[in-house]
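Asks: Sequence and predicted structure, then a few things I'm wondering about:
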Amino acid sequence: MSHGKQFTLFTHRAGPNGWKVVFVLEELGLTYESVYLDIDKGEQKEPKHTQYNPNGRIPTLIDHKNGEFVLWESNAIIQYLSDKYDTEHKISVTGDDKYHELQWLYFQASGQGPYFGQAGWFLIFHPEKVPSAVERYKNEVKRVFSVLDGVLSKQEWLVGGKMTIADISFITWNEFAMRRILEEIDCEKEYPAAAAWHKRLMDVPSVKKAWAERAILANQ
């Protein structure tokens, strides 16, 4: 494994969770090499990856300049990156706001990612149609968007009056949901504040750059 760059990121060309880490790495100007695992072939479960991540899922990050420090779980990774390398607090906060930042990271990890992922699975990938499961998880997607919309109708960003890792953590699953899960819904009309927030995030140069790279890789 080359250590020419500070970080190695085990990830997937299209999967949502790895790209939020890329957004943070790009936003902080950190150097990294992405190792794309083929999930269809089960590469994430092979020893070359599980030696670092016993859970056998992506993403996994190695910080070569911090004693080969290894970390997995996407929100733990972006919190580590912001705590250790965002010294100017460009995308992080301090004081009591830090706990609000953590609040949103936990909500994303427990309330958005799993439900949006299950909605996508039963709607798109599950070999048999299970209408009750589709309905349950789509309703959870709508509920999460309603929570976000209610908060963002009163403020521009989730924490501290600026874009932080809290906002960044939601980008990829929101994009997936708006394009695939809720494609029959006009999200700009149904969730105007959340939709406007998502557009602001997608227009951030570091996010736009990474998402354009993802589009190329996802089609390979």
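Replies: In hand now; what should we look at?
Asks: Tell me how far the closest residue to T11 other than its chain neighbours lies from R214.
Replies: Nearest residue to T11, sequence neighbours excluded (Cβ to Cβ, 6 or more residues apart in numbering): G18, at 3.1 Å. Every residue, glycine included, has its C-beta placed from N, CA and C. Look at G18 and R214: by Cβ to Cβ, to the nearest Å, they are 9 Å apart.
Asks: Repeat that for L123.
Replies: 21 Å.
Asks: what helix or strand does E33 sit in?
Replies: If you go by DSSP states H and E, E33 is part of strand 32-36.
Asks: Which positions in that strand come out as buried?
Replies: Y32, S34, V35, Y36 (16 or more other Cβ atoms under 10 Å).
Asks: next structured bit after it?
Replies: Taking DSSP H and E, what comes next after strand 32-36 is helix 47-50.
Asks: Following element in sequence after that following helix, please.
Replies: strand 60-63.
Asks: Turn the buried residues of strand 32-36 into TSV, including distance to A177 and pLDDT.
Replies: Conversion of the buried residues of strand 32-36 to TSV gives the following (distance: Cβ to Cβ, whole Å; pLDDT from 0 to 100):
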residue	distance to A177	pLDDT
Y32	27	98
S34	24	98
V35	27	98
Y36	23	97
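Asks: And these, which is closest to V130?
Replies: Y36 (30.9 Å; Cβ to Cβ).
Asks: residues in contact with the closest one?
Replies: If you count contacts by Cβ atoms under 8 Å, 6 or more residues apart in numbering, Y36 has them with T11, H12, R13, L217.
Asks: Report the beta-bridge partners for it.
Replies: T11 (DSSP bridges).
Asks: Over to T60?
Replies: Applying DSSP bridges, one finds that T60 bridges with F10, W72.
Asks: what residues go with each domain of this structure?
Replies: Using automatic domain parsing, the domain ranges for the chain come out as 7-90+206-218, 97-204.
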